[in-house]
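**Student:** based on what follows, work out the 3D shape:
(one chain, ligands or ions: 1)
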Amino acid sequence: MTAPPKSLARPLSSQAAREKNAEERIRSLLWRYQPEFVLAGSLEILFTRNSSTLVSLSQRKGHGTLRLHVLFSSAPAGVLEDVIRFCFTCKDQAQSKILRSRILDYVGENRNQAIATVARPACYAPEGSIYDLEEILWHVIREYVPERRLKRTRPNIGWSKRATTELMGKWIETPREEANIIVINRLLDDERVPSYYIEYIVYHELLHDLFSISRSHGRWVKHSPEFQTREKTHPLYARAREWETRKLHSLSTSENAAK
Ligand SMILES: [Zn+2]
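**Tutor:** Now for the predicted structure:
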């Protein structure tokens with residue numbers, strides 16, 4: 001039996017097609033606003049999933065790299081135009097502020113979409129070799145976040161695929177109809193980690209469900225004063241933070257050494 005011939009020109013995935021289309025639109029806008037730049041050097045346009053820097057331009061000797069969050073791949077022309085003006089042509093502070101604010105408004109309105117395009121974790125298993133996160137989640141909801149039980153959907157929870165030395169937990173917001181996701185760093189699935197510390201991390205991530213992200217002075221605020229006040233009401237908060245300061249480091253170093 002012969003294998004079916006492989007097509008050389010594979011169709012682009014819909015996301016790749018969106019990115020390609022946006023790139024073309026950006027390049028034609030550049031011709032309009034900044035033809036010297038297009039003529040003088042080369043510009044690389046990259047779509048990233050970096051959600052802390054949504055737009056950035058680095059330039060060196062006529063070579064530039066424009067990095068945009070994937071969210072901009074489906075942005076309307078007006079938004080792309082704001083991005084181009086913000087990065088390439090705007091020298092005036094007041095104007096720059098207006099452009100920045102309009103760009104952030106677009107991001108704010110499309111946050112769910114941005115989040116949905118973040119590499120969707122297919123499934124993270126909650127059972128570790130030491131701790132079962134599902135069990136911990138239930139416990140934390142029951143004991144410390146009773147109002148969470150009123151909501152119909154419960155977040156999914158699981159261990160990250162790899163242990164890393166940063167970010168012990170992560171809250172992933174998904175579009176409205178799907179359950180949000182809590183990912184806990186696999187580094188913590190270790191008998192040297194006290195259960196109250198994992199509980200605290202799960203609790204922290206769960207609070208993100210109650211206190212949604214907001215924007216203040218042009219920045220995204222994840223841990224608002226209200227969030228922090230509530231966080232500190234956890235009876236083991238101080239102990240967990242103390243363990244984190246004193247012991248987490250040794251866990252990370254031995255993890256590094258084992259590699
Ligand atoms: Zn947080």
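
**Student:** Gln34 touches Thr89, doesn't it?
**Tutor:** Yes: with contact defined as CB atoms under 8 Å, Gln34 reaches Thr89; the gap is 6.3 Å. For the C-beta atoms, the positions are set from N, CA and C on the backbone; glycine is no exception.

**Student:** roughly how far apart are Leu99 and Cys87?
**Tutor:** 9 Å (CB to CB, to the nearest Å).

**Student:** oh sorry, the question was meant for Tyr144
**Tutor:** As judged by CB to CB, Tyr144 and Cys87 stand 44 Å apart.

**Student:** quick one: which of the two has more around it?
**Tutor:** Neighbours per residue, other CB atoms under 10 Å: of Tyr144 and Cys87, the larger number sits with Cys87, 22 against 19.

**Student:** domain map for the protein?
**Tutor:** As given by automatic domain parsing, the domain ranges for the chain are 14-117, 133-258.

**Student:** with distance to Tyr124 as extra columns, can I get those in JSON lines?
**Tutor:** What follows is those, written out as JSON lines (distance: least, CB to CB, whole Å):
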{"stretch": "domain 14-117", "distance to Tyr124": "16"}
{"stretch": "domain 133-258", "distance to Tyr124": "2"}
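
**Student:** out of the ones you listed, which gets the lowest mean score?
**Tutor:** Across the domains of the chain, domain 14-117 has the smallest mean pLDDT, namely a mean of 80.

**Student:** Three-state assignment for the residue nearest to Glu44 when sequence neighbours are not counted, please.
**Tutor:** The shortest distance from Glu44 to any non-neighbouring residue, by CB to CB, 6 or more residues apart in numbering, is to Thr65 (4.7 Å). Following DSSP: H, G, I helix; E, B strand; the rest coil, we place Thr65 in the strand state.

**Student:** so what's Thr65 bridging to?
**Tutor:** Beta-bridge partners recorded for Thr65 (DSSP bridges): Glu44, Ser58.

**Student:** and the gap between it and Arg18?
**Tutor:** Counting by CB to CB - Thr65 and Arg18 are separated by 20 Å.

**Student:** what of Ser58?
**Tutor:** 23 Å.

**Student:** neighbour count: these two, which is higher?
**Tutor:** Higher neighbour count among Ser58 and Arg18: Arg18, with 18 against 10, using other CB under 10 Å.

**Student:** and the more buried one, what does it touch?
**Tutor:** Contact analysis of Arg18 by CB atoms under 8 Å, 6 or more residues apart in numbering lists 73-74.

**Student:** report the separation between it and Ser74.
**Tutor:** As for Arg18, its distance to Ser74 is 5 Å (criterion: CB to CB).

**Student:** same thing with Glu242?
**Tutor:** 45 Å.

**Student:** with Ile201 instead?
**Tutor:** Distance, Ile201 to Ser74, by CB to CB: 34 Å.

**Student:** Lys97 now?
**Tutor:** To Ser74, Lys97 is 25 Å away according to CB to CB.

**Student:** can I assume Ile198 is in contact with Ile184?
**Tutor:** Yes: using CB under 8 Å, Ile198 is in contact with Ile184, at 7.0 Å.

**Student:** could you name every residue contacting both of the two?
**Tutor:** With CB under 8 Å, 6+ apart, Ile198 and Ile184 have common neighbours Leu133.
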